[in-house]
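[1] For reference, the sequence and a predicted model appear below.
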Amino acid sequence: NLSAHKFRSFSSKFLRLISVFWLKFIPFSINNGPDTSSYQRTEPFEDGLVNGEEPSAAEEAAALMAKEAKGGAVKFGWVKGVLVRCMLNIWGVMLFIRMSWIVGQAGIGLTIAIILMATLVTTITGLSTSAIATNGFVRGGGAYYLISRSLGPEFGGSIGLIFAFANAVAVAMYVVGFAETVVEMLSDVDALMTDELNDIRIVGTLTVILLLGISVAGMEWEAKAQIVLLVILLAAIANYFLGSFIPVDNKEPKGFFGYHTAILFENFGPDFREEETFFSVFAIFFPAATGILAGANISGDLADPQSAIPKGTLLAILITGFTYVAVAFSAGSCIVRDATGDHNDTVSDTVNCTDAACTLGYDFSICKEGGCQYGLMNDFQVMSLVSYFGPLITAGIFSATLSSALASLVSAPKVFQALCKDNIYPGLGIFAKGYGKNNEPLRGYVLTFCIGLAFILIAELNIIAPIISNFFLASYALINFSVFHASLANSPGWRPSFKYYNMWVSLAGAVLCCVVMFVINWWAALVTLLIILALYIYVGYKKPDVNWGSSTQALIYNQALTHCLNLSSVEDHVKNFRPQCLVLAGYPNSRPALLQLVHSFTKNVSLMVCGHVRTVSRRPNFKDLSQDYVRCRRWLIKKRIKAFYSPVFADNLRHGAQLLLQAVGLGRLKPNTLVMGFKTNWSDGNMRDLENYINTIHDAFDLQFGVVILRLMDGLDISHIPGQDELLSPSEKPPKESKDVLISVGPAKDSDSDSCPSKTHSNQSSPLIIRETKSPLSLTDQRLLESSQMFKKKQGKGTIDVWWLFDDGGLTLLIPYLLTNRSKWADCRIRVFIGGKINRIDHDRRAMATLLSRFRIDFSDINVLGDINVKPKKHNKLSFKELIEPYRLKEDDMEQEAAERLKAQEPWRITDNELELYKAKTNRQIRLNELLKEHSSSAKLIVVSSSDWLQRDGKAPPLCLLTNHNPGTLKTRRRPPGCRTVPQARDVGTGRRQRGRGYVPRPNPQCPS
């Protein structure tokens, strides 16, 4: 039997070791099988991963089991880890050397009110803390961890820094209280080293050095010291209450008479002196209640934080609150406010002596003139006088102050270490490193020591206390607000196992904390809020790459959903028209110029969606699609482009664009304008691709979309240029010594890479990594890279030329207007070109100026083109004829049946009939090209309203090349609903009179422009 027992014991240990090995060294995913990506993760710290990443449940279990197996870090239960620490921190310096003074100033009644008000704040905060602590796994960081994981890094990062600082300052407060007691003892025996103030500084410095040594020794030694200090503290409290029931005659001259109703009634009301008020006394007392987070601050060292924090914190608040009330009632019932300490000050005149001491045989009326050293108001060590054994009270003072100082000295570095691990403030990363089996923040200890020592040199307890009161109250306010915010967001992830909380009570607690901050010290409260606001803005601007599932995200989702639904119930109105753009850009980093230009007029104004058509000829790889989605979204965030990324699989560009045009958007947040790049290589590529490109434009028209086509001289697509690795995350990038680079589309630029903005092949469904060659870029690629950044730079002084040749409802004017509102385009002026007749130039210019002024659009000049209808030059017509020659059907050179068959097979072929039918419009486009070269060759941007002659039957690709020599051309075509125009004369440039009048655009005040 013994052998079998040993074998079973060995077997269980062996199996446990194997399971630990499996969990620790073989990463897995419960739902998806083996997770090879885990091998690339950053090595975790003890309490989490760097940069805000959180370990999975499996990794958490593996870490805990590994530590248990090797007997690693020390973990505390709820009594030793939370209850003891909270009680020791709350029973601090105030209990023995300030409680009697508070009773003397405020009286028994108001003192109990002060205690109850502080207890109310701490109780509500304790309930909120318990709710947050039981809503998931709690790691190290205390208040910072609770707030940051609830409200996000902005609130967490700002409050975490000042909370750690407040704990460091609290070390100074408690040490100064200890030093005051020591110096008073030295003064009684005439053993001062210099003077009282400097002696407090000397003793305080030596004390904080000793505490630093205990803290650096490790949490185990610190815990043992806390137990010893608790025993001494409990003995001192019991010693005081025991002594209060044993009156001694020689203590009566110093104000202690035992329990008497006369003293109780006299001390029940307030007697504020030296400009003290209720709230100034409350400010002095409140730091005594700030120890409620002492247990939560070492959450990483607790065996079960979810259970320990609620039980330990709430029970500590109950016990210590009752103790403070008992001490206040006891001191106010047996000690008078003023006493001389002279046995000869007995009652001689019973008529003029009306104090409670008079009824007990002493006359302390001389104290009204000041100068008395005893009593509640004058003797900070009066509790030693009352106690049964005075030195034990002194030991209790030492225990209370040192234990609170030790708890704060441990809490501040732990909170600060957790803050630094998350890399919220990059410059503080050096304090994230831990040492030893408990991951002790030794660098944080040294920093806390330096801060505490600086405040110890102030050596004034009443100055220090209000400062940290505001910091702690701000922390409590945010903890309470976290619970309210999480409950308000109504996220399914908010389901704490602690049910004794209420969102409205938490909100009331947060408001109460803020009110108390201003009541205590209004300017200190303002400074505290300004510091929090500054840190919040800083963290919000830096946007740390963390995702903790905060309630802020949940509330934003709720609000966005609500607003979308509200918008859907309202009909469109032309005054609220915005160019909401669907940009066919492929991978976002493939055509940066296209994205930057659209972002310039949609940022904070309207919607922008980066559509990506992934062409495949086999079964699509949706896993790659989801991975690319994450990369592209990260790239947009990094470049601060406010846009969405929407990829689709399709067999060609047209079908993919149809899917995007129909499906992208939600309610009113739906694109109404299609943005594409100009197909510069139309003449070299596959004509089927060109047909898909043209038909995509027609599909957009059929779906009532506006169309914007951007063309640059050097093209848009830079995906074929090596070195475009910006879609990779830092962990995915190759080592520095490697020469691998990312190619967003894959192969070298083919014949139609720039024409089909979203085209990729089936075997290139995601960005590829290839070996970089050291050969320099060609001159063409260098120009292409430079031009791809042209819209990212600030545009100098110049013009945006608007060629408003066809009535489009105002979009051609609206886009330049939106551009000039941006700082990058602020130096550019709008120049408007319209068609007209030579004999009506002045009239048309005045009419257009009146129209633009009514549209409230600033412009620098209006040019009326009287020669727009002049025939183009012969050499340009010949160039155009040579350009289209390969695409003509030439039906006269073949039989009719063969011509019809070829036309059916290649519908893009141009027949002689079509060429004759569109001759006038073709000549006009050739003439327009000449005018663009003549007037706008130096413009920063050219915006041309496209005509409506691009019809289903007009498939003449060469007509898309009429602006190929211009620096930048943006073609738009849009008629927003509700913009009334003159339907009989839509062509601004014809100059023809219709119904007896020349064309002048009729203004509509409701139009967007």
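    Received, thanks. Numbering: from 1, shown residues only.

[2] for the protein, what spans make up the strands?
    Here the chain has its strands, by DSSP state E, at 28-29, 33-34, 581-584, 608-615, 644-650, 673-677, 706-712, 740-743, 768-771, 798-803, 828-835, 861-865, 941-945, 968-973.

[3] Quick one, which of those gets closest to Val281.
    Proximity to Val281, assessed across the strands of the chain by C-beta to C-beta, is greatest for strand 644-650 (56.7 Å). Backbone N, C-alpha and C define where each C-beta goes, glycine included.

[4] in its sheet, what does that closest one sit against?
    Applying DSSP bridges, strand 644-650 is found paired with strand 608-615 (parallel).

[5] Between strand 673-677 and the strand it pairs with, find me the angle.
    Put simply, strand 608-615 runs at 60 degrees to strand 673-677, going by axes from the mean of the first three to the mean of the last three C-alpha atoms, to 10 degrees.

[6] roughly how far is strand 608-615 from the heart of the chain?
    In terms of C-alpha atoms, centre = their mean, to the nearest Å, the centre of strand 608-615 is found 27 Å from the chain centre.

[7] could I get that strand in CSV with only the CA atoms?
    In CSV, the C-alpha atoms belonging to strand 608-615 read as follows (Å, rounded to 0.1, in the frame of the first residue of the first chain):
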residue,chain,number,x,y,z
MET,A,608,-14.2,58.0,-46.9
VAL,A,609,-14.0,54.2,-47.6
CYS,A,610,-10.9,52.6,-49.2
GLY,A,611,-12.4,49.9,-51.5
HIS,A,612,-10.2,47.1,-52.6
VAL,A,613,-11.2,44.6,-55.3
ARG,A,614,-9.2,41.4,-54.9
THR,A,615,-9.5,39.5,-58.2
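
[8] in it, what's buried?
    608-615 (16 or more other C-beta atoms under 10 Å).

[9] Repeat that for stretch 433-451.
    So stretch 433-451, judged by 16+ other C-beta under 10 Å, has buried residues 433-434, 437-445, 447-449, 451.

[10] Stretch 234-249 too?
    Quick answer for stretch 234-249 (16+ other C-beta under 10 Å): 235-237, 239-240, 243-244.

[11] do the same with stretch 616-627
    Buried residues in stretch 616-627 (16+ other C-beta under 10 Å): 616, 620-621, 625.

[12] quick one: low-confidence ranges for this structure?
    For the chain, applying pLDDT under 70 flags the ranges 1-74, 93, 218, 348-352, 459-467, 723-775, 807-809, 947-1009.

[13] could I get the buried residues of strand 608-615 as a markdown table with distance to Tyr536?
    A markdown table is the format used below for those (distance: C-beta to C-beta, whole Å):
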| residue | distance to Tyr536 |
| --- | --- |
| Met608 | 27 |
| Val609 | 30 |
| Cys610 | 30 |
| Gly611 | 35 |
| His612 | 35 |
| Val613 | 41 |
| Arg614 | 40 |
| Thr615 | 46 |
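
[14] which one among these gets closest to Leu595?
    Once C-beta to C-beta is applied, the member of the buried residues of strand 608-615 that ends up nearest Leu595 is Cys610, at 6.7 Å.

[15] measure the closest one to Pro647 for me?
    9 Å (C-beta to C-beta, to the nearest Å).

[16] Now list whatever residues contact both of these two.
    Counting by C-beta atoms under 8 Å, 6 or more residues apart in numbering, the residues touching both Cys610 and Pro647 are Cys632.

[17] before we move on, back to that, so of the buried residues of stretch 433-451, which ones are in helices?
    442-445, 447-449, 451 (DSSP state H).

[18] For Ser365, state which of those residues is nearest.
    Looking across those and measuring by C-beta to C-beta, the closest to Ser365 is Ile451, at 46.8 Å.

[19] so that closest one touches Phe165, yeah?
    Yes: assessed by C-beta atoms under 8 Å, Ile451 is found in contact with Phe165 at 6.8 Å.

[20] Overlap in contacts, these two.
    Residues touching both Ile451 and Phe165 (C-beta under 8 Å, 6+ apart): Ala412.

[21] Show the contacting residues for Thr207.
    Residues near Thr207 by C-beta under 8 Å, 6+ apart: 175, 178-179, 402, 405.

[22] ah, wrong one, I meant Ile232
    395-396, 398-399.

[23] before we move on, the earlier item: compare the strands of the chain and report which one is nearest to Ala328.
    When those are compared (using C-beta to C-beta), the closest one is strand 28-29, at 57.9 Å.

[24] ok so, going back, nearest to Asn135 among the buried residues of stretch 433-451?
    Taking C-beta to C-beta as the measure, Asn135 lies nearest Asn439 of the buried residues of stretch 433-451, at 24.3 Å.
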